[in-house]
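[1] below are the sequence and a predicted model; questions follow.
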Amino acid sequence: MRRKVLAGILVPAVVMGGAGAYAVADAYDVVPGWITAEPVPVAPAPFLSPLPVSAASAPASAVSVVSADAPRPSADYVQSLAEAVRADERTGTSTNVSVVDVVTGDVLADLDADDVQVPASSTKLLTAVSAIADLGPDHRMTTTVTWEPAGRVVTLVAGGDMMLAAGEGHGGDGVDANGYAGIADLADAVVLAAPDVLSGGAVTIAVDDTAFEGPAVNPDWPQYALDNGYVVGATGLAVDVARTGDEQYSQRYPDPSIAAGDHLAAALSERGATIAEGVTRAASPGTASAVASVQSAPLSDVAHLLLRDSDNTIAEVVSRVHALETDRPTTPAGAAQATIAGLDGIGAPVRGLVLHDGAGFSERNRVSPEHLTGAITAALAAEPTQDLLDWLPVGGLEGTVGSRYADTSAAGALRAKTGSLTGVTALAGTVQTADGRLLAFAILADGMPYGPVAPRVAFDEMVTALADCGCEP
């Protein structure tokens with residue numbers, strides 16, 4: 001496996017406290033670090049958060065530069081931290097740990113690191129890394145509109161983007177991947193390319209999401225996740241991830257594709273078209289010519305959103321798009337095959353890896369700490385995924401780790417993906433030591449009593465000890 005030398009990682013000098021937490025099923029992730037092959041540090045990514053925050057100074061360890069010459073921690077010391085977190089009364093014997101030196105790949109802690117267990121939302125890390133490994137960070141999902149003049153049918157064709165704006169897309173402009181492209185953009189393009197849509201009688205609006213064969217609702221997802229708006233069917237077509245309101249976990253439209261069609265009908269009506277009542281669904285791909293299309297944000301930006309917000313729907317649809325673009329069935333099984341193959345392609349360990357969804361809701365997923373640290377180190381060494389640390393959320397700054405690590409040396413020095421289901425707590429990412437060494441780590445526990453707070457604190461104490469580490473052999 002080709003290994004990239006990490007010449008420098010700059011972490012932010014100011015850490016923002018705040019950002020919300022995902023109450024039930026794990027929604028956000030946060031870890032810092034910008035990797036570059038140049039010795040000169042690069043500017044950090046812009047701060048993104050839907051909530052107000054207050055600024056606080058980061059500890060000195062959060063502003064150092066990491067290089068291949070930075071002192072490596074004592075493996076005995078790191079192993080003792082792993083053993084201590086398992087022995088902690090807040091965790092238990094199902095707690096397994098892997099810690100790896102990112103530059104050399106040397107194992108610093110192995111506490112049954114190859115044992116597979118329920119990973120919860122840390123699964124999303126594998127989903128994102130694998131999709132970008134195969135498709136590239138610049139891959140975009142295309143939503144198309146076709147026009148069939150004889151039958152006067154406008155069809156909205158799914159391409160995987162479930163983050164369309166109801167109005168005009170923002171096209172980037174310092175905003176995240178949600179709303180990058182918009183239904184209004186499509187409507188304008190349709191009217192320009194096919195002006196007869198506005199004359200000659202009523203227009204029927206149809207949606208075609210046949211490329212995503214489904215089932216859209218993964219059978220492994222718990223009903224409460226659907227009832228509470230934590231996830232919606234991965235149809236490959238939606239406005240604002242099919243939310244019916246402005247909240248992150250608003251109720252979702254029961255049929256995201258039809259709801260997107262309703263938005264297009266309204267937009268064309270505003271532009272003067274006469275719209276027939278009711279949006280229909282195409283039973284098979286149509287043959288009409290495309291008259292309009294829009295593209296999503298780059299996949300790297302989508303990965304940042306799904307990892308930061310732990311967005312279950314976007315994680316699932318990314319895995320289905322990955323299957324589609326690699327000529328596999330767009331089913332949960334096909335998506336799992338795509339994810340495992342993509343990881344294997346960059347040299348990440350996949351032996352024993354079992355996946356049933358891209359989001360991590362399935363309790364039949366089986367992932368080991370070694371799978372996670374292996375994916376991280378392989379991703380950082382592979383060209384398509386070498387910017388992984390830009391996509392992960394930063395401790396004390398964003399997502400599910402945004403409200404953690406306050407007043408600790410891990411604030412600003414950690415980038416990680418969280419995981420939480422009933423009885424399951426997980427954390428995987430990277431942390432920079434006080435000496436400037438970058439470590440990949442994964443801590444998984446799937447035998448916890450109900451409630452993640454106590455094991456989560458124990459995990460945080462371990463990674464904070466790693467951040468504090470000036471612990472040469």
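    Done, it's in.

[2] now stretch 456-473 - C-alpha only, PDB.
    The C-alpha trace of stretch 456-473 is given here as PDB (Å, rounded to 0.1, in the frame of the first residue of the first chain):
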ATOM      1  CA  ARG A 456     -18.900   8.300  26.400                       C
ATOM      2  CA  VAL A 457     -17.200  10.200  29.200                       C
ATOM      3  CA  ALA A 458     -14.800   7.300  29.800                       C
ATOM      4  CA  PHE A 459     -13.900   7.200  26.100                       C
ATOM      5  CA  ASP A 460     -13.400  11.000  26.100                       C
ATOM      6  CA  GLU A 461     -11.000  10.700  29.100                       C
ATOM      7  CA  MET A 462      -8.900   8.200  27.100                       C
ATOM      8  CA  VAL A 463      -8.600  10.300  24.000                       C
ATOM      9  CA  THR A 464      -7.900  13.400  26.100                       C
ATOM     10  CA  ALA A 465      -5.100  11.400  27.700                       C
ATOM     11  CA  LEU A 466      -3.800  10.700  24.200                       C
ATOM     12  CA  ALA A 467      -4.000  14.400  23.400                       C
ATOM     13  CA  ASP A 468      -2.100  15.200  26.600                       C
ATOM     14  CA  CYS A 469       0.500  12.600  25.800                       C
ATOM     15  CA  GLY A 470       4.100  13.800  25.900                       C
ATOM     16  CA  CYS A 471       5.000  10.200  26.500                       C
ATOM     17  CA  GLU A 472       8.000   9.100  24.600                       C
ATOM     18  CA  PRO A 473       9.300   5.500  25.100                       C
END
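
[3] off-centre distance for that stretch?
    25 Å (C-alpha atoms, centre = their mean, to the nearest Å).

[4] contact partners of that stretch?
    Stretch 456-473 is contacted by residues 61, 71-78, 81-82, 84-85, 88, 90-91, 97, 99, 404-405, 408-410, 413-414, 416, 420, 425, 427, 431-435, 437, 439, 441, 443 when judged by C-beta atoms under 8 Å, 6 or more residues apart in numbering. To be clear about C-beta, it is placed using only N, CA and C from the backbone, and glycine gets the same treatment.

[5] swap in stretch 288-297?
    Against stretch 288-297 from outside (C-beta under 8 Å, 6+ apart): 140-148, 153, 155, 157, 159-161, 163-164, 169, 172, 176-177, 180-182, 185-186, 189-190, 193-194, 302.

[6] buried ones among those?
    Buried subset of the contacts of stretch 288-297 (neighbour count, 16 or more other C-beta atoms under 10 Å): 140-141, 143-148, 153, 155, 157, 159-161, 163-164, 169, 176-177, 180-182, 185-186, 189-190, 194, 302.

[7] coming back round to it: just the contacts of stretch 288-297: which are in strands?
    With DSSP state E as the criterion, strands contain 142-148, 153, 155, 157 from among those.

[8] JSON lines please, covering those residues and showing distance to Leu268 and pLDDT.
    Listed next are those as JSON lines, based on distance: C-beta to C-beta, whole Å; pLDDT from 0 to 100:
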{"residue": "Thr142", "distance to Leu268": "20", "pLDDT": "98"}
{"residue": "Thr143", "distance to Leu268": "15", "pLDDT": "98"}
{"residue": "Thr144", "distance to Leu268": "15", "pLDDT": "98"}
{"residue": "Val145", "distance to Leu268": "10", "pLDDT": "98"}
{"residue": "Thr146", "distance to Leu268": "14", "pLDDT": "97"}
{"residue": "Trp147", "distance to Leu268": "11", "pLDDT": "96"}
{"residue": "Glu148", "distance to Leu268": "14", "pLDDT": "95"}
{"residue": "Val153", "distance to Leu268": "12", "pLDDT": "96"}
{"residue": "Thr155", "distance to Leu268": "12", "pLDDT": "98"}
{"residue": "Val157", "distance to Leu268": "15", "pLDDT": "98"}
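
[9] list just the nearest of the residues you listed to Val231.
    Thr143 (20.7 Å; C-beta to C-beta).

[10] hang on, isn't that closest one packed against Asp185?
    No. Thr143 is beyond contact range of Asp185, at 9.6 Å (criterion: C-beta atoms under 8 Å).
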